[in-house]
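Trainee: generate coordinates for the sequence data below:
(2 chains)
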There are 2 protein chains.
Amino acid sequence: MNPFTRQRAAAVTATGELRLIGLIRRWLGPTSPPAPFGVGDDCAVLPPSRHPQLVTTDPVIYGRHFDDRVPARAAGAKLLKRNLSDIAAMGGRPQWAVVSLALAPETRLAWLREFYLGLAGAARRYGVKIVGGDITEGPAGFLGAFLTLHGEAAAGRVVTRTGAREGDGLFVTGPLGGSGAGHHHRFVPRIAEGAWLAGQREVVAMMDVSDGVAKDVQCLTPHGLVASVWPPLVPVTPAARAAARRSGRPAWQHALSDGEDYELLVVLRAPRGEAEFARRWQRRFGRPLHALGRFQRKAGPEDVDWRSLHGYEHLR
Amino acid sequence: MNPFTRQRAAAVTATGELRLIGLIRRWLGPTSPPAPFGVGDDCAVLPPSRHPQLVTTDPVIYGRHFDDRVPARAAGAKLLKRNLSDIAAMGGRPQWAVVSLALAPETRLAWLREFYLGLAGAARRYGVKIVGGDITEGPAGFLGAFLTLHGEAAAGRVVTRTGAREGDGLFVTGPLGGSGAGHHHRFVPRIAEGAWLAGQREVVAMMDVSDGVAKDVQCLTPHGLVASVWPPLVPVTPAARAAARRSGRPAWQHALSDGEDYELLVVLRAPRGEAEFARRWQRRFGRPLHALGRFQRKAGPEDVDWRSLHGYEHLR
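Mentor: Numbering: from 1, shown residues only, chains lettered A, B, ... in the order given. Okay, the predicted model is just below:
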């Protein structure tokens, strides 16, 4: 559904700010606690935290992160899920969020309701409270929602992107590619997986795949090493396989470049063996942990040539 | 300065995301700590907090919160100061922030540099670290920066908007009105004042003036009472006086409706006398605490008729 309307009576501008805030709080329901813990004062007041805290911020903007093909509920859920994926990538437990909204006066109230119901559904599912926000009028045709998500390092340990060494294994929590077919808003953030992985000492680095493995893996690769990945190992989604048939490029190229996978890239140093680790994972989650390759001084002759691929670079 | 350029070489789109992030970190300087405490991983990692935490979010959007008359540095400082004012209004101490940027590809890199230098200057002055952020391409002509600020209740006590009772006095920390003349970006957030006020038991409620006293005072007024304010008591800025001369409306009307004052509205229950309290304030800050009026069951015949004024309501 298109977020905008030409009928003034159906637009947010006919509602007024105070009533709109009231509606949003109703749409959010129990995920929006009363002030001072939630919306309604100059700040939200949160209790002290005993664990290290995690914070991340990501928006969804109309025309960029979703379009008319994406249901408003899915766009609202995606706003939270994008940020949840970042908390998952550090092994954290999500807690609360604030949402800053900039929207054209002609934004359809009914669209916004669906958007917030989608956000509230995801918030309920992952135990997140929406404790504050802001609404500002934006220019015609603009709709952006900017969320900041807060969590804590529940496992007592935070897994960063830094930590890989020569010989460490590179794994991924699910098949890759084909985001254009709708995965970019239907994905499931790997919260439980990230928390479990952070609790395993074999996991020495981790991140989520948002811009495509080809770009993101560079963040895990220490200076002087390469991520040596053998193309037949790359797990590929059916959507990436279909995209490959259309484009004529190999499916693994789609899988490594498409972006918005929101699976976790995991670096493993497993003295008891990677196979044993993968079996523990399989028992816990009922699906495979996929080996991609290894960090080495040199790539093999048949390995992925990362320079020939490109992940998603913004502002290019 | 206008934030946009037609020369591609001078625009952010010629820079690319990775280099732009590097530049922003350089512009932010020491206010941008290294990962994992700052930018560079999936989340920023912050230490546990012993005090109750405060969080607020406010943006600046081109054409709405600033325009070509506002220097880019002042726009960047305003982004943080707007949020600082909310922390001040609860009596908190600011700590760290994340910034989500949505900007047109034709945004001038030199403009963005000034913006971030202004943000960094304000962050340094108030001891705030910029620990994370996001950059997303927005539509042509759009530039918005969405900041979430985090603080803690350093006084051990949070002052909310709720708490006024019949007979309590209403005060304000400075003269009001005339935001159009530039105060809307030159203001000083009342951090030290808010923290001091939160440490005084006589202060039973507090908020900052962002939408104009006429609108904001409603948030402090308990059901069944009115804020009885005598117009001659209203402290007026020279800018509001000049605006009054131009408009023909009384200066106190400008002072109560203009908005973006960013002074603190303070509700006082002072058994030892309000005058004694105001003297203590004056000794501490070297300028007067202005009495506006009192919460009562009925307004006097010469009191401000709030319904005849209007504060700033967004989306109207």
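
Trainee: going by C-alpha atoms from here, please, whenever you check contacts or count neighbours.
Mentor: OK.

Trainee: buried residues, stretch A:43-53. List them.
Mentor: Within stretch A:43-53, the residues that count as buried by 16 or more other CA atoms under 10 Å in any protein chain shown are A:43, A:44, A:45, A:46, A:49, A:51, A:52, A:53.

Trainee: my bad, should have said stretch A:109-118
Mentor: Neighbour-count burial for stretch A:109-118, with 16+ other CA under 10 Å as criterion, is recorded at A:109, A:111, A:112, A:113, A:114, A:115, A:116, A:117, A:118.

Trainee: so which of the residues you listed belong to strands?
Mentor: Mapping the buried residues of stretch A:109-118 onto strands (DSSP state E) picks out no residues; all lie outside.

Trainee: could you pick out which of these are near chain B?
Mentor: Contacts with chain B are made by none of the buried residues of stretch A:109-118, judged by CA under 8 Å from any CA of the partner chain.

Trainee: residues from the stretch 51-200 of chain A in reach of chain B?
Mentor: A:51-59, A:61, A:64, A:86-87, A:89-90, A:98-100, A:105, A:132-134, A:136-139, A:142, A:146, A:148, A:160-161.

Trainee: so how far is residue A:88 from residue A:82?
Mentor: 10 Å (CA to CA, to the nearest Å).

Trainee: list residues touching both of the two?
Mentor: residue A:189 (CA atoms under 8 Å, 6 or more residues apart in numbering or on different chains).

Trainee: of the two, who's got more company?
Mentor: Using other CA atoms under 10 Å in any protein chain shown as the criterion, residue A:82 and residue A:88 rank with residue A:88 on top: 31 against 26.

Trainee: low-confidence ranges in the stretch 151-300 of chain A?
Mentor: For the stretch 151-300 of chain A, applying pLDDT under 70 flags no range at all.

Trainee: 90 instead?
Mentor: Screening the stretch 151-300 of chain A residue by residue with the criterion pLDDT under 90, one finds the ranges A:154-156, A:178-183, A:258-259, A:271-272.

Trainee: quick one: the strands in it, in order.
Mentor: A:169-172, A:203-208, A:226-229, A:264-268, A:290-296 (DSSP state E, counting those that start in this stretch).

Trainee: and the ones you listed as a markdown table, adding distance to residue B:170?
Mentor: Rendered in a markdown table, the data for the strands of the stretch 151-300 of chain A read as follows (distance: least, CA to CA, whole Å):
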| stretch | distance to residue B:170 |
| --- | --- |
| strand A:169-172 | 60 |
| strand A:203-208 | 51 |
| strand A:226-229 | 65 |
| strand A:264-268 | 54 |
| strand A:290-296 | 64 |
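
Trainee: count of neighbours near the residue lying closest to residue A:229 once chain neighbours are set aside?
Mentor: Sequence neighbours aside, residue A:293 is the residue nearest to residue A:229 in space, at 4.4 Å (criterion: CA to CA, 6 or more residues apart in numbering or on different chains). Around residue A:293 there are 21 other residues, counting by other CA under 10 Å.

Trainee: separation between the most centrally placed residue in chain A and residue B:271?
Mentor: Centre of chain A computed as the mean C-alpha position; nearest residue by CA atoms, centre = their mean is residue A:82, 2.9 Å away. Taken as CA to CA, the spacing of residue A:82 relative to residue B:271 amounts to 52 Å.

Trainee: now do residue A:223
Mentor: When CA to CA is the yardstick, residue A:223 and residue B:271 sit 67 Å from each other.

Trainee: which residues touch residue A:131?
Mentor: Residues A:32, A:33, A:37, A:38, A:39, A:44, A:96, A:97, A:98 are the ones in contact with residue A:131 under the rule CA under 8 Å, 6+ apart.

Trainee: can you classify it as helix, strand or coil?
Mentor: Following DSSP: H, G, I helix; E, B strand; the rest coil, we place residue A:131 in the strand state.

Trainee: identify the spatial nearest neighbour of it, chain neighbours not counted.
Mentor: In space, not counting the residues next to it along the chain, residue A:131 is nearest to residue A:38; the distance is 3.9 Å by CA to CA, 6+ apart.

Trainee: isn't that neighbour up against residue A:30?
Mentor: No: taking contact to mean CA atoms under 8 Å, the distance of 10.7 Å between residue A:38 and residue A:30 leaves them out of contact.

Trainee: of these two, who's got more company?
Mentor: The residue with more neighbours, out of residue A:38 and residue A:30, is residue A:38; 24 against 14, by other CA under 10 Å.

Trainee: tell me how chain A divides into domains.
Mentor: Using automatic domain parsing, the domains assigned to chain A come out as A:8-152, A:169-307.

Trainee: tell me the most buried of those?
Mentor: Greatest average neighbour count among the domains of chain A goes to domain A:8-152 (a mean of 22), per mean count of other CA atoms under 10 Å in any protein chain shown.

Trainee: for the residue nearest to residue A:229, name its beta-bridge partners.
Mentor: residue A:170, residue A:229 (DSSP bridges).

Trainee: just list the residues touching it, thanks.
Mentor: Residue A:293 makes contacts with A:169, A:170, A:171, A:227, A:228, A:229, A:230, A:233, as judged by CA under 8 Å, 6+ apart.

Trainee: so where is the stretch 1-150 of chain A shaky, pLDDT-wise?
Mentor: Per-residue confidence of the stretch 1-150 of chain A (counting by pLDDT under 90) places the weak regions at A:1, A:16-18, A:35-36, A:40, A:50.
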